[in-house]
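# got a predicted structure plus its sequence, pasted below:
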Amino acid sequence: MTELNVNDLTNVAGGASKGGSKLPDTYKVVAGDNLSTIAAKFNTTWQKLYALNKDLIIKDAKSHGVKDHFENYIYPGQVLKLK
């Protein structure tokens, strides 16, 4: 499984790197990220990312005291599925 974070995006364009490698399986959240910006980097939607990672996002949000609108809460260090 390959993992990618925002610092590794220089070779990503339209879901694949210039070298032809496939989209990574996961993405490690860094400070300042949100689902919309991550989705835009990988040519998808925040709704799809949320659906893929709903259990993790809800669990972590609840552990931080969030009571609703869980889709608004991701945290640095989380590893989100991209596909």
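Right, received. Where do you want to start? Remember, it's a predicted structure, so these values are computed and weren't measured experimentally.

# number of nearby residues for Trp46?
Using other C-beta atoms under 10 Å, Trp46 has 16 neighbouring residues. Bear in mind the C-beta positions are built from the backbone N, C-alpha and C, glycine included.

# my bad, Lys41
17.

# swap in Thr45?
For Thr45, using other C-beta under 10 Å, the count is 13.

# shouldn't Lys54 be within a helix?
Yes. Using DSSP: H, G, I helix; E, B strand; the rest coil, the assignment for Lys54 is a helix.

# what's near enough to touch it?
By C-beta atoms under 8 Å, 6 or more residues apart in numbering, the residues touching Lys54 are Phe70.

# ok, it to Glu71 distance?
Look at Lys54 and Glu71: by C-beta to C-beta, to the nearest Å, they are 8 Å apart.

# please apply the same query to Asp25.
Separation of Asp25 from Glu71 (C-beta to C-beta) stands at 21 Å.
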